[in-house]
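Enquirer: let's see this in three dimensions:
(chains A and B)
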Amino acid sequence: MVSVINTVDTSHEDMIHDAQMDYYGTRLATCSSDRSVKIFDVKNGGQILVADLRGHEGPVWQVAWAHPTYGNILASCSYDRKVIIWKEENGTWDKMYKYTGHNSSVNSICWGPYEFGLILACGSSDGAISILTYTGDGQWDIKKINNAHTIGCNAVSWAPAVVPGSLIDQPTGQKPLYIKRFVSGGCDNLVKLWKEEDGQWKEDQKLEAHSDWVRDVGWAPSIGLTTSTIASCSQDGRVFIWTCDDPSGNTWTAKLLHKFNDVVWHVSWSITGNILAVSGGDNKVTLWKESVDGQWSCISDVNKSQGGLSSITDTQQNEQ
Amino acid sequence: MAARWTSENEVVEFRDAQATAMSVDCLGHHAVLSGRRFLYVVNLETPSEAPRKIGRQSKWDVGTVQWNPHRAEAHLFAASSNQRVDLYVWRDGCGEAHNSLQGHTRVISDLDWSWFEPEYLVTSSVDTYIYIWDTRDTRKPTVALSAVAGASQVKWNRRNQNCLASSHDGDVRIWDRRKPNTAVEYVAAHLSKIHGLDWHPDNEYILATSSQDNSVRFWDYRQPRKYLNILSCQVPVWKARYTPFSNGLVTVMVPQLRRENSLLLWSTLDLNSPVHAFVGHDDVVLEFQWRPQKEGSKDCQLVTWSRDQTLRIWRVDPQLQKLCANDIVEELMEGMTLTTESEKTLRSPDSEPPLSPSLTVDNSQGQIESLQSGLLSSGRQDSPGLPQTLQQEFSLVNLQIRNVNVEMDALNRTCFVSAHCGVNQVRLVVKFPAQYPNNAAPSFQFVPPTNISSSMKTKIQKILTDTSLQKVKRNQNCLEPCVRQLVSCLESDMEDGTNPHAFANSVTPALPAFPRVTNTYGSYQDANIPFPRTSGARFFGTGSLVYFTRPMSMHRTVPPAEPTPRSLSALSAYHSGLMTPMKMRSESQTSLRLYSGSPTRTDKEHVSISSFYYKERKPPLSAPRRWSVQTIHDCPKSRRWKGKREGTDYGNRPIKLAGKVIIQEISCLLPIHKALAETYVLNVNDIHDTCQKNAAAALAVGRRDLAKVWALASAATSQDLCPDSDPDANTPWARHPFGRKLLATLIEHYSHLSDVQSLAMLCSVFRGQGSPQDFFTLYGPRSSGFTLHHSRYPSYTSSSVTSGSCSSTSDSTSTNWNPTGRESEQVPPWGESSPDDYRYANQLYTDPREREKEQHDMNKRLLDPANTLQFDDFKKCYGEILYRWGLKEKRAEVLKFVSCPPEPHKGVEFGVYCCHCRSQARGTQCAVCKRFTFQCAICHVAVRGSSNFCLSCGHGGHTSHMMEWFRSQEVCPTGCGCHCLLQSTF
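Expert: Just a heads-up that it's a prediction; the model follows:
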């Protein structure tokens, strides 16, 4: 049964740009044009404001929780060209690190899989992508991919810490060697895949299909299948699903999920990687599911399955 | 479209024009677009009509095209193409080339018609000459200016018929055509190439240069060493041209960059941020020109041609023009003299141009002085940029201020201002004296129902008087600034008191002032920044969907059919609108609601994403300007505004800009079930029972498919099908179509469903299935099947500490340490590397029976051993999900079935080398020198089995001997003097 389990009134003074839950689903972080980041305790349907983090000097575009292995860590990125990493210690949130290496608005941040340690990718409108790696003792190692996307980078998303293609080809008895990979989307209408080789980040693939700025990319979580999947969405209203069955990861095929009438801003994968949530400028959220024969269909507008899930935006309308 | 208040009037696409240059004629009737094959003449009155074409035969693109700027010769235009200039006549809807000017030996970079003599034309070329042509005699140029360096631009002075300027890389030269041998003045203007040059329309000494070095500089060529002012852009500037109206400047970026497709309008009086951006072109702007105004029209029109193959005509109305003449007079004074409109008024437009620069120096300096004094004194009566009458001010004033209601009565020169903030109410009568705004301030008087304290009244009175005096001193209107001051004063007073609706446990410090970087918010740099998301949805954890949307009451200001803009620069229109009274002129101004200011801020220049959206809960259309308390109460009550909030608090927290964040449970959509995870069992000792219990569990949650699968699993794991250990007996069940193949099909099916739960459970059950003893051997001492490699490298135990010798002791041997074979590659770093292991490894598969047996072991398995790693991954992923569900014991049960391949090798590697000949050895005897590869230091016998070495000196021997020796000794038994116990970590 699809049900609203909580409705959080953030009291932000301006529009919200992102909302993210932590690993355990107990805390919600939101960020807004009012330059603040707020953290709410949402356990058991509650909504207690835990922290109101001020430090950005412009609208905050995105927040991201690190894996709890490393403590309660939240990163935020803003129009003010900064990335701030916040850490909770003894119940109080403080700046752990402030990264100021970009020359324009930082639009997207994403923590890497916990297997790689604390590693954060940041995409900025100056066209560069920064990869920040915590090296201990409060030190961060910074690698920057300059001109990753001409004009600007709008989104980054890490690949899961497996190399799905090579799972079955590995010599038995050898643990698969994890390769750090992520995907990015930018104003050059491209989706690009990046790979770390010998400590250097290299462009691995360039995926072309969109006819306008790519606004979000999402690498699907792995459940051990041999296929890698990426979703990308764009200003042109199109959402593409990219899949790669090739063990070497070189041949990606695009499949058009849907063409929306307005810009699509967000794509997000469910934990099993078979449902995609899509949202955009039309203020609607739709859920898409892949059937056994590989076809994608919208499941959120129809009364279906055990619950009778009505359109999510309708639900909110009732809330208001 | 009201929101996009300077949107282009006309957009016409000429898809195949491929034009490189464009020009608008002096009558404003035609624009010529120059493509490679045709010249297109567009009628600007009816631009959507198909353009007339003039064919041309040239393999060169047109470099520059320009209409003759004289009305009498308005039918003529010149187009340069490579080394020649073609002169065209346009009459009665058709045109033809009637002449050409040939003389340059290299490509022509620019051409310009004289402003004074209709026959004269100047051309510049990279051949280093600048030619002035008399079009009546086309055989050769009348004047040749020798520049030595190639010129990229040449422009006639607009006020002096003999003066012209050319640009050469980063330099500008000023020429007097009567002195062709040398330039009159050199200006080292830029460090990089100058792309554009433009003379000031009214001042003969001032020109603007735009350059690759990301700046536009303004020069008085009489002071060539120091620029008058600089406009810093973030990108190279292609062209910067003065506007036909005062103090404006339009810039475009270098086309090759393809970064910024907007034209920017600047006020030369304030170069900090552009006044306006003409947003619309999808590709870079190649050319822009002003279309001469029609008689009686106050609007200016900008005609632009872009690489997106569209011609756009933009209207620039008087209000926008006025923005260029803003009121920052102080900055003007600091920044030295940029001409203002007062200078224009001093000089009659058709005044006789001075004959030579030298003659006019004194005169013009006098002008500048008079300009300064004119600005300082209060006698400037005719400031065309400012409203003249009170009526005008009232009609233009922007009073979309929250909680303020202004009733204006221009006839009686009064207005009533009612403001409401929290419990405070203020009503003011403002009376405007007859001379207002020329150094005559209005009076302010409080009238009932004002309920603020008298000290507050005094404070406000003083603020209002100060503000108004400040403005009228400069003969400027003061109503709007005064009202805004009043509101901010009231609001700050409110905040001093306690705010009853502050979040209970939030300590919210005052927001810091918006720093410099954000002042450019909505400026052209934002063209790269994507338009912010105002709604979004993300999956979290195992079954939550978190989403936020705009509040339902907020709608977009633009029609829904129009897509959301892609970049933040689209906001610049709203930004400018916010600071100016512009939006008031539009009749549908309700569509431009700027609820940008948050309750805690009164910064009226703050622009926010919310500017793009407007609220449903707006005041009635009949009284659009009355944003007063009354109208708020007229609004339909919303459920959210309960009790006391409705009244007094409404002013403080007007309308929510942030929607709610909703967390939704969507786990029913996922193929995995927490309930199943809780009831599933994994009992290796009784697989059959496990399957039956799991089938029942699946039925209980309604997964009938899974119930059948568990029934199948139960059948497949039946004891009857237990494979024989003898390879020669029957084919194992796994080879049967219902064996491994069936299972593979099931796995494929659940892979398609992404049902990692079923996958992991099936893999675990079948991993444990078959021969239970086989399963246990994985963890037991005996090796079998594909796990053979485990036994070759027995796991490290803490009792066997160090063995092997260290590779880093000798450089000469270091290369030898590199693994050469498969065996050595897999030598564990800290194992009991008895040479016996190697022998065993060497003998791998030598026995055909063993080989067959191994093959048989593989065949017995229902799960394809080739995919073991993938199956492990299912279990790990499921384990992760179980962890998130908090089912840690279930997770441990599943993870028990994960095979554990050795860690990939890292760090130091050990091998065995003969201590005599240094060759790599296998076994106890060196194959090369036939001596014992490794002798025990105590008993001098070759060592087999457990051994220990010193990492420092390399000596060692049987573990038992070493233990005994070092129980009493500290130095090496060989007598080498090494303190083995200290050096190594025994």
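Enquirer: tell me which stretches of the stretch 1-150 of chain A form helices.
Expert: With DSSP state H, counting those that start in this stretch as the criterion, the stretch 1-150 of chain A has no helices.
Enquirer: pLDDT below threshold where in it?
Expert: A:1 (pLDDT under 70).
Enquirer: ranges for the strands of it?
Expert: A:3-8, A:16-21, A:27-32, A:36-41, A:48-54, A:60-65, A:73-78, A:83-89, A:92-99, A:106-111, A:119-124, A:129-136, A:139-145 (DSSP state E, counting those that start in this stretch).
Enquirer: any low-confidence regions in the stretch 151-300 of chain A?
Expert: Looking at the stretch 151-300 of chain A by pLDDT under 70, you get A:163-177, A:300.
Enquirer: to residue B:254, which of the strands of the stretch 1-150 of chain A lies closest?
Expert: Checking these against residue B:254 by CB to CB gives strand A:119-124 as the closest, at 22.3 Å. C-beta coordinates here come from the backbone N, C-alpha and C atoms, glycine included.
Enquirer: span of stretch B:221-238 from start to end?
Expert: 21 Å (CA to CA, to the nearest Å).
Enquirer: how about that stretch: buried residues?
Expert: Neighbour counts over stretch B:221-238 (16 or more other CB atoms under 10 Å in any protein chain shown) mark B:221, B:224, B:227-229, B:231, B:233, B:235-238 as buried.
Enquirer: next, count neighbours for the closest residue to residue A:71 other than its chain neighbours.
Expert: Closest residue in space to residue A:71, ignoring its immediate chain neighbours: residue A:87 at 6.2 Å, by CB to CB, 6 or more residues apart in numbering or on different chains. For residue A:87, the tally of surrounding residues (other CB atoms under 10 Å in any protein chain shown) stands at 17.
Enquirer: show me what residue A:87 is bridged to.
Expert: residue A:73, residue A:94 (DSSP bridges).
Enquirer: against residue B:884, how distant is it?
Expert: Distance from residue A:87 to residue B:884, counting by CB to CB, to the nearest Å: 22 Å.
Enquirer: same question, residue A:111
Expert: 16 Å.
Enquirer: give me the more crowded residue out of those two.
Expert: Using other CB under 10 Å as the criterion, residue A:111 and residue B:884 rank with residue A:111 on top: 21 against 18.
Enquirer: circling back to that earlier point, tabulate the buried residues of stretch B:221-238 (CSV), appending secondary structure, pLDDT and distance to residue B:446.
Expert: Compiled in CSV, those are given as follows (DSSP: H, G, I helix; E, B strand; the rest coil; pLDDT from 0 to 100; distance: CB to CB, whole Å):
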residue, secondary structure, pLDDT, distance to residue B:446
B:221, coil, 87, 57
B:224, coil, 82, 59
B:227, coil, 86, 51
B:228, coil, 86, 47
B:229, strand, 87, 45
B:231, strand, 87, 46
B:233, coil, 80, 48
B:235, coil, 81, 52
B:236, coil, 85, 56
B:237, strand, 87, 52
B:238, strand, 88, 56
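Enquirer: out of these, flag the one nearest to residue A:153.
Expert: residue B:235 (18.0 Å).
Enquirer: the closest one reaches residue B:215, doesn't it?
Expert: No - in this structure, residue B:235 is not within contact of residue B:215 by CB atoms under 8 Å, at 10.4 Å.
Enquirer: what residue lies at the spatial centre of chain A?
Expert: residue A:157 (5.2 Å; CA atoms, centre = their mean).
Enquirer: close to chain B, is the helix or strand encompassing that one?
Expert: Assigned by DSSP states H and E, residue A:157 falls within strand A:153-158. Yes - applying CB under 8 Å from any CB of the partner chain, one finds that strand A:153-158 is in contact with chain B at residue A:154.
Enquirer: who touches the closest residue to residue A:269 other than its chain neighbours in this structure?
Expert: Leaving aside its sequence neighbours, residue A:269 sits nearest to residue A:220 (CB to CB, 6+ apart; 4.5 Å). Applying CB atoms under 8 Å, 6 or more residues apart in numbering or on different chains to residue A:220 gives the contacts A:228-231, A:269, A:273.
Enquirer: most surrounded residue in those?
Expert: residue A:231 (27 neighbours).
Enquirer: report the separation between that residue and chain B.
Expert: Taking CB to the nearest CB, to the nearest Å as the measure, residue A:231 falls 12 Å from chain B.
Enquirer: next, the angle from the host helix or strand of that residue to strand A:153-158.
Expert: Using DSSP H and E, residue A:231 sits within strand A:228-234. Relative orientation of strand A:228-234 versus strand A:153-158 (axes from the mean of the first three to the mean of the last three CA atoms, to 10 degrees): 160 degrees.
Enquirer: partner strands of strand A:228-234, with direction?
Expert: Applying DSSP bridges, you get strand A:214-219 (antiparallel), strand A:238-244 (antiparallel) as the partners of strand A:228-234.
Enquirer: can you give the distance from the longest one to the centre of its chain?
Expert: In this case it means strand A:238-244. Put simply, strand A:238-244 sits 16 Å off its chain's centre (CA atoms, centre = their mean, to the nearest Å).
Enquirer: if we can go back for a sec, tell me the contacts of the residue nearest to residue A:71?
Expert: A:71-74, A:93-96.
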